[in-house]
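J.: With the sequence up front, the predicted model follows.
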Amino acid sequence: MRSRRFPKRSPVHLAALVLVLAAGGNAQAQALQVGTLRIESTPSGAEVELIGGKAGVTPLTITERDIYPNSYPDARAERYGMITLRHAGCEPLTHRVTLDDLKQDLHLRLDCIASASTPAASRVPAPLAAPATLPPAPVPSVPQRRLRQLEVLQELLDEGLITPAEEQRVRRRILQPGTHPGH
Amino acid sequence: MMKRIHLPCFPARHDLHAMVHVPSPGSGAERARATRSLWRAVPWLLLGAWLAILPTQNASAMPEFARRYSLSCVACHSAFPRLNKFGEIFAKNNMRLPNWMETSAQLNDDRLALPDHVPLAIRAQAYLQGRQGQAIDPISGARQSAATDFQSPYLLKLLSSAPLSKNITYYFYAIMGEKGGNGEVLVEDAWFRHADIFGSGIGMMLGQFSLSDSMFPREIRLPFQDYMVYRMAGVTYDRGVLFDRDIGRFGIDLGFTNGNGITDNFKINGTGYSRPDRMFDSDSSKTTFAHIGTDIGPVAVGVFGAAGKQRGAAGPAGMDKSQRNTDKRVVGLDASGDIGANTHWYTQYLWNDWDGFLDADPTRNYRWSGGFAGVDWIPDDRWAFSALYNRASAGDLAHTNTIFEGIDINSLSLTASYYFMRNVKGIIELNVDFQNRTRPTGPYFTGHLSSENYILFGFDTAF
């Protein structure tokens, strides 16, 4: 004779009840913003580009999934985990998001030509703390930046961190006239 | 199978880089039994309510790779432990990012890449399970009914991995106490992998690994229920070597393993006593296996094959290992894909030929087959829902009055995972057993004599 100490109906009934109760908690969970990152810039109003494309302008709050989508086109793989800011009159700025960034707001300073950045900065003032805490950013000339990037590229090649083919590809991109080095 | 990954170029350092029969209420006795059942359910209800109202917390997980590369868990997981596209790329890329050297201790020695901290991580699972199944002794038929178990700890894993050179990465994990097996440490994955043997573009993994990882790695599944056909077919952990290379649109794995077990070295003449290398393959044969995968449109498909030897089965109910080596062959098909951004499906089927497997009739060849299919739906960062269907038929092993009749399975597992944190989840799983119960076909108590419905609650975390 079969012994049945565990009532047959229990698993189904309990599971249904538990799931119903748990689903009730879902509304509370969705009310939270999980893993968000607020991006501010100087000057503000910079266009934010992520791996999924344009996300808006600074100041902007995005989620971790915006930065790290579960899937993406292979052609945009290089933008995974990266944020690029663009603002008229400023050099595009690309930044890799780290855990430290996620713990606090991210404030990025763009390298701008003075005449172009001033109106933008005056329209949307940067947070009060920002000018005092961020050192004034030197604005090297384009050839200087390219030179520095080529130096870094050579270091990466020497350390075996990139292949010669990769080095050649990036070198061509840096030296290509009309491109913005740095992204 | 993981969808075939086309490794992106990392151009520079800054680039990232079972059905339950429900009797209808009838007699007063049945109603009274139903009332008692309800009272018994109170603790479960309280547990469910507690799970539902636990305060939600902000998420910030810090397992080893996240610590090393200062990355959020979200970068590699769609829902822990399931990998997303980038996570699969990371695993395929020798579990490293291009800036791995920067994460090593800076010792001013180009030929030394010591991890700057002991690269350890822990995975821990604890469950509470209510089960309808009975433990039945195949020889005596004695039944043991245990309806509930505190499977806590269920599993405690110590994992470690780090890049050691430009091309070499190691990975291992040891299970300390699984399913109440205290006093034992079990090593499963433990290997070195070289990413580019002799500059050929061929990767080589040497060590202990699961053959089934070429198809669907079991560790990264969301349900508690296993991919049962892998265990039944014996394509899980073994010691061996695995070569891998991408050729055009195809990803190819070719491996060799000991196959039919390792044994003590006492038979060797000479220093057979107190040898340091105590364990050695039990014979010269090796199991050869291969997997070829590619993408056909949005679907990743793969073909798996394995051929080798295994010990036959002997003794009452086939519970003992035979002294004979018998031939076995496995052929598999796998496919997977995504439906939209939040849903992932996968399916696997294996055909098995076990020649002369049973000592009771060593001239007979036994064929059986089985597989599984599943879907994971991850609607947001807090919830993941999974369904896993396991199906296998004992085929020629049916009515052999051996424990191998137990290959029969027909079950559906429904799982809800709630993420308290990125790396801490609570799970509820219901397993419904659709397999009809059978009667013993001979003197031994084998076959599907008891249904195996279960419900399980618990926690799963990695840190």
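T.: Thanks, I have it.
J.: okay, and for chain A, where does confidence drop off?
T.: For chain A, applying pLDDT under 70 flags the ranges A:1-34, A:114-144, A:177-183.
J.: Strands of that one, start to end?
T.: In chain A, the strands defined using DSSP state E lie at A:36-42, A:47-50, A:53-57, A:60-63, A:82-86, A:93-96, A:106-109.
J.: Distance to chain B and mean neighbour count added to those strands, as TSV?
T.: C-betas here are computed from N, CA, C, even on glycine. TSV is the format used below for these (distance: least, C-beta to the nearest C-beta, whole Å; neighbours: other C-beta atoms under 10 Å in any protein chain shown):
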stretch	distance to chain B	mean neighbour count
strand A:36-42	9	21
strand A:47-50	12	20
strand A:53-57	14	14
strand A:60-63	8	17
strand A:82-86	6	21
strand A:93-96	6	18
strand A:106-109	13	19
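J.: Contacts only, for residue B:357.
T.: Residues in contact with residue B:357 (C-beta atoms under 8 Å, 6 or more residues apart in numbering or on different chains) are B:310, B:312-313, B:326, B:328, B:365-366, B:397, B:404.
J.: thinking again about what came up before, in JSON lines: the strands of chain A, plus distance to residue B:381.
T.: JSON lines is the format used below for the strands of chain A (distance: least, C-beta to C-beta, whole Å):
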{"stretch": "strand A:36-42", "distance to residue B:381": "10"}
{"stretch": "strand A:47-50", "distance to residue B:381": "17"}
{"stretch": "strand A:53-57", "distance to residue B:381": "18"}
{"stretch": "strand A:60-63", "distance to residue B:381": "8"}
{"stretch": "strand A:82-86", "distance to residue B:381": "19"}
{"stretch": "strand A:93-96", "distance to residue B:381": "21"}
{"stretch": "strand A:106-109", "distance to residue B:381": "20"}
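J.: between those strands, which one is nearest to residue B:282?
T.: Checking those against residue B:282 by C-beta to C-beta gives strand A:93-96 as the closest, at 50.9 Å.
J.: The closest one packs against which elements?
T.: For strand A:93-96, the packing partners by 3 or more C-beta pairs under 8 Å, 6 or more residues apart in numbering or on different chains; DSSP states H and E come out as strand A:82-86, strand A:106-109.
J.: May I have the strands that pair with the lengthiest strand in chain B, each with its orientation?
T.: In chain B, with assignment by DSSP E, the single longest strand is strand B:320-339. Sheet pairing for strand B:320-339, assigned by DSSP bridges, gives strand B:299-314 (antiparallel), strand B:343-355 (antiparallel).
J.: What residues of it count as buried?
T.: Under the neighbour-count criterion of 16 or more other C-beta atoms under 10 Å in any protein chain shown, strand B:320-339 has B:322, B:325-326, B:328, B:330, B:332-338 buried.
J.: And for stretch A:59-76?
T.: For stretch A:59-76, the neighbour count (16+ other C-beta under 10 Å) marks A:59-60, A:62, A:64-70, A:72 as buried.
J.: now for those residues, which pair is the farthest apart?
T.: Longest distance between any two of the buried residues of stretch A:59-76 is 26.3 Å, between A:59 and A:70; criterion C-beta to C-beta.
J.: Name the residues of the stretch 101-250 of chain B found near chain A, please.
T.: Taking C-beta under 8 Å from any C-beta of the partner chain, the part of the stretch 101-250 of chain B that reaches chain A is made up of B:101, B:110, B:130-132, B:134, B:143, B:145, B:147-148, B:166.
J.: Skip the chain neighbours and tell me the closest residue to residue 79.
T.: Assuming you mean chain A. residue A:51 (4.1 Å; C-beta to C-beta, 6 or more residues apart in numbering or on different chains).
J.: meant chain B, my bad for not saying
T.: With C-beta to C-beta, 6+ apart as the criterion, residue B:79 has its nearest non-adjacent residue at 4.1 Å, and that residue is residue B:384.
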